[in-house]
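Enquirer: only geometry, no sequence info:
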C-alpha cells in the first residue's frame, strides 16, 4: 500500500474518532451536536480555518472557494471568479486568518497575505514587498503586531501594515485535519477539510423532555389532561376520572375516582376541596381530598349546557366557559354567575392575581377587565398567524402561556413575548396538545412526549444587533457610514439584512421594524431582511429590534437612515426651471390676453363707427371708406369692396368665393383684412351695404318693401325685414 493511501486511512480514522468523541460528550450531558445551520449556503464542503470576529460574524477559510462571511442567515463569499478574477490575488485557497486591532480580517492564501478592510470591504495585498508563498499562520497580538509565517520566512507588521521584521524560512506546520473556535455564546465550532462544520451546543434551553405516562390498555386510546392536586395528578378520559401519583413514568398507583354517564370535557379542583366535573350536559361536583372522592356527585347547573374548560380561581371556586357564554364563575358555595356572554371562547386561564384570560378560535387573546366588566383584546398576546390556541395557563408570576399545534408562546406581564416551536432543537415533537403549570414549571403535553419548561430560565447571553448588508436592485453592499444608505433615483427595490449573530438560534430569532416612529411590523421567525419597493424621494428613519436567545424582544434597537434621491425632475434646480417657465407662461398668457382685449376693443370700435355712419339718414355709400379709415390703402380696399357689392346689388348669389375672386384675394386674407379695417366679417359688410342701399330706396318711396328686398339681394322679404330691424331698430315700414 502506498504512503498516500496510508495517510488517507489515518485521516479518516482521526476524523471518525473526533466525531465519536463529540457524540459521547453530547450524550453524556446537555450538549447537542448540530451541523452548521447555513451549511447549504456554503460554496464547498469543509474549511481549513474558521473564527468569529469582534462584531459577531463567523468567517470560514475554504480550500478552493475563498473567504466566507456567515451572519447566521446568509453566506457572503469573497473570492476570485469570472466577475473579479484577481479579487484575492492568484489563489482561492485560504490557509489562515485572524482579526487585527482595527477589526479588519487578515488572511493568508497559497500565494500571499491579504487584508479585508471592514470600512468598505475592499481587499488588497497586505504588503507588496512580500514574495509569493504559502501562508501557514497569521496572528495578531495584544499590541496590534501582526505575525505571518510563510514558506519564505516569518514576517511581522505594525498596525499600519508596515513591515517591521523578518526571519529566514523555517519548517511550516499545517494543522489541516480540524479547526474550530468557541463563539460568544459558548458553543464549540468544529470543521475540517473534508468535514461539514458542526457545532456543539451546551444549552438545554431551560427545558426537559420526558416520555409521557403509559396508560392501562383500557385507557390506551385516550388523551387525558392532567391537573395537579398537591399529592398527585388528576386525569380524565371521555368517561372516567382517575388519580395517579406520578406521570413521569409508568404509574405505580392508578386509582379510578369516578365514572360519568356522559362525555367528560374537563375537571378542576378548587381551593375549597371540591372536584368539579364538566361534561356535555352541565357542571357537577363532589368533595375531594388527596386522591379520594368524598361523598356523592351532585349537579351544580345544567342551564349553561356543555362545559368546555374550567380553571380553579385563586380565592376559591372555579371559572369556566361554555358554548353559550364567554365566562362564568361557580363559587364553592355552589352558586353560579354568568360574567360575560358573547363570542364563543376556546381556552381559559386564570393568573394568581385573579386576572382571567380567554381566547377565541382565531388565535385572538382577551383579558377580562374587572373595572369595565368586559373583555379587552390584547393583540400582542395573540397568535399572529391566526392558528387556534389549544390551551393556555398562567405561571406563578402571572405570565401567560399558550400552545397551538406547532407553537408555545409566552406573554409576560410587562408585555414581552417569546415563542418556541415543535421543530426547535431542544423540543423535536410533532404536536402540542395541552399546557399546565405548577409553582416551578410549565408542563406541555405533546402527542409523543412531555416537555417541562423552567419559566425562570434565562440564557443570560450577549445580545447584539447590526445591519449586515443592503441590496439595491440586487446589488449587494456591506459598508455603511453611520448606517446611512443612499438610494439612487432610478432604483426600485431596497433590501436591508440584519443579524444578532446568534448563529445557532438564528431560525427562531424574530425581527421587528418601524418607519419614522410608526407601529412595529414583525417579521416571521428566521427572516432577517426587510424589503422596500418604490420608496418616494426623501429621508426615512428605519428602527429595528430583535429577540434574544430566549425569544424576548430586547430594548436595544438599530437605526438605519434611507435617503432616496430625487429624479432629475424632482431636484431643486428642476423646480427653479418649473417656476421660471410658469412665470414666463403667465406673463405670455397675460400679454396674449391683453393683446386679445385690445384687438377686440379695436374691432368693436371700428364696427360701432361703421354701424353709426350707415344708420344716418344722410349716409352715402360711396363715402363709407372715408368714415372708417384714414389709411389710403385701406380706403382703396373698402372702396373696391363697396363697388363690387354695388355691382352685384340684386345678385343674392354673391358669396365669399365670388367676392374673393372680384377682390383678387384669398379667403383668409379677405377675412383678416375686413376684420382689421371694419371689425366685421365680409358677409356682415356686404349685408350692411345692401341694407344701407335699401334704406335709401325706402326713403325714396318708389318701390314696395318686397321689391326693395329683392332689388338689394335678399332672398325673401321676411329675411330682409328681420335684418333691417336688427340694423336700424325699426321695421322697413316704420322707417318709411
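Expert: That came in fine, so what should we check first? All of these numbers come straight from a predicted model, not from anything done at the bench. Numbers count the residues shown, from 1 in each chain.
Enquirer: I'd like the next helix or strand past the helix ranked longest in the chain.
Expert: Selection of the longest helix in the chain by residue count, based on DSSP state H, yields helix 572-615. Scanning forward in sequence from helix 572-615 by DSSP states H and E, the next helix or strand is helix 624-628.
Enquirer: which residues are in contact with that next one?
Expert: Contacting residues not belonging to helix 624-628 are listed as 606, 609-610, 613-614, 634-636, 638-639, 642, 677-678, 689 [Cβ atoms under 8 Å, 6 or more residues apart in numbering]. Every C-beta, even on glycine, is put in place using the N, C-alpha and C of the backbone.
Enquirer: repeat that for 10 Å
Expert: 606-607, 609-610, 612-614, 616, 619-620, 631-632, 634-642, 677-679, 685, 688-689, 692 (Cβ atoms under 10 Å, 6 or more residues apart in numbering).
Enquirer: Any idea how far it is from the middle of the chain?
Expert: 82 Å (Cα atoms, centre = their mean, to the nearest Å).
Enquirer: so for it, what's the average pLDDT?
Expert: Helix 624-628 shows a mean pLDDT of 77.
Enquirer: what does stretch 688-703 give?
Expert: 85.
Enquirer: follow-up on the earlier one: I'd like to know which of the contacts of helix 624-628 are buried.
Expert: 606-607, 610, 613-614, 634-635, 637-638, 641-642, 677-679, 685, 688-689, 692 (16 or more other Cβ atoms under 10 Å).
Enquirer: Return the subset of those residues lying in helices.
Expert: 606-607, 610, 613-614, 634-635, 637-638, 641-642, 677, 685, 688-689, 692.
Enquirer: Can you mark which positions in stretch 356-375 are buried?
Expert: In terms of neighbour count (16+ other Cβ under 10 Å), stretch 356-375 has its buried residues at 356-360, 363-368, 375.
Enquirer: sorry, that was for stretch 286-293
Expert: Buried-residue list, stretch 286-293, by 16+ other Cβ under 10 Å: 286, 288, 291, 293.
Enquirer: same deal with stretch 717-726?
Expert: 717, 720-721, 723-724.
Enquirer: neighbouring contacts of it?
Expert: Against stretch 717-726 from outside (Cβ under 10 Å, 6+ apart): 652, 687-688, 690-691, 694-695, 698, 704-710, 712-714, 716, 730-735.
Enquirer: May I have the secondary structure class of the residue nearest to residue 165 when sequence neighbours are not counted?
Expert: Nearest residue to residue 165, sequence neighbours excluded (Cβ to Cβ, 6 or more residues apart in numbering): residue 156, at 4.0 Å. On the three-state scheme (DSSP: H, G, I helix; E, B strand; the rest coil), residue 156 is labelled strand.
Enquirer: who touches residue 156 in this structure?
Expert: 141, 145-148, 162-167.
Enquirer: name the helices or strands packed onto the longest helix of the chain?
Expert: Applying 3 or more Cβ pairs under 10 Å, 6 or more residues apart in numbering; DSSP states H and E, one finds that helix 572-615 contacts helix 624-628, helix 667-677, helix 682-700, helix 717-728.
Enquirer: So what sits opposite the residue nearest to residue 165 in the bridge?
Expert: residue 147, residue 165 (DSSP bridges).
Enquirer: picking that back up, just among the contacts of residue 156, which is most surrounded?
Expert: residue 148 (27 neighbours; other Cβ atoms under 10 Å).
Enquirer: is it true that it touches residue 157?
Expert: Yes: counting by Cβ atoms under 10 Å, residue 148 does reach residue 157; the two are 7.4 Å apart.
Enquirer: which neighbours do those two share?
Expert: With Cβ under 10 Å, 6+ apart as the test, residue 148 and residue 157 both reach 106, 113, 126-127, 130, 138, 163.
Enquirer: Save those residues as a markdown table, and put in pLDDT and distance to residue 99 too.
Expert: Listed next are those as a markdown table, based on pLDDT from 0 to 100; distance: Cβ to Cβ, whole Å:
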| residue | pLDDT | distance to residue 99 |
| --- | --- | --- |
| 106 | 96 | 7 |
| 113 | 94 | 14 |
| 126 | 91 | 14 |
| 127 | 88 | 18 |
| 130 | 86 | 20 |
| 138 | 92 | 10 |
| 163 | 92 | 20 |
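Enquirer: In PyMOL, how would I select the buried members of those?
Expert: In PyMOL, a selection of the buried entries from the shared contacts of residue 148 and residue 157 looks like this (16+ other Cβ under 10 Å):
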select buried, resi 106+113+126+127+130+138
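Enquirer: so residue 365 makes contact with residue 382?
Expert: Yes: the pair residue 365 / residue 382 is scored as a contact, 4.4 Å apart, by Cβ under 10 Å.
Enquirer: shared neighbours of the two, anything?
Expert: 359, 389, 402, 409, 411.
Enquirer: just the buried residues of stretch 356-375 now: which is nearest residue 77?
Expert: Distances from residue 77 to the buried residues of stretch 356-375, taken as Cβ to Cβ, are shortest for residue 363 (40.7 Å).
Enquirer: ok, now how distant is that closest one from residue 344?
Expert: Remark: distance between residue 363 and residue 344 (Cβ to Cβ, to the nearest Å) = 14 Å.
Enquirer: same deal with residue 676?
Expert: Residue 676 is 89 Å from residue 344, by Cβ to Cβ.
Enquirer: can you state the direction angle for the longest helix of the chain and helix 717-728?
Expert: Helix 572-615 and helix 717-728 meet at an angle of 110 degrees, taking axes from the mean of the first three to the mean of the last three Cα atoms, to 10 degrees as the criterion.
Enquirer: tell me how far helix 572-615 is from the chain's mean position?
Expert: 55 Å.
Enquirer: ok so, going back, let me have the helices and strands packed on helix 572-615 in JSON lines, extended by distance to residue 546.
Expert: Compiled in JSON lines, these are given as follows (distance: least, Cβ to Cβ, whole Å):
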{"stretch": "helix 624-628", "distance to residue 546": "90"}
{"stretch": "helix 667-677", "distance to residue 546": "78"}
{"stretch": "helix 682-700", "distance to residue 546": "85"}
{"stretch": "helix 717-728", "distance to residue 546": "88"}
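Enquirer: Residue 396: which of those helices is closest?
Expert: Nearest to residue 396 among the helices and strands packed on helix 572-615 is helix 667-677; the distance by Cβ to Cβ comes to 100.4 Å.
Enquirer: Could you give me the buried positions within that closest one?
Expert: So, applying 16+ other Cβ under 10 Å, buried residues of helix 667-677: 670-671, 673-677.
Enquirer: Ok, stretch 398-406 next?
Expert: 399-404.
Enquirer: Let's have these in JSON lines, adding secondary structure.
Expert: Below are the buried residues of stretch 398-406 laid out as JSON lines (three-state DSSP):
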{"residue": "399", "secondary structure": "coil"}
{"residue": "400", "secondary structure": "strand"}
{"residue": "401", "secondary structure": "strand"}
{"residue": "402", "secondary structure": "strand"}
{"residue": "403", "secondary structure": "strand"}
{"residue": "404", "secondary structure": "coil"}
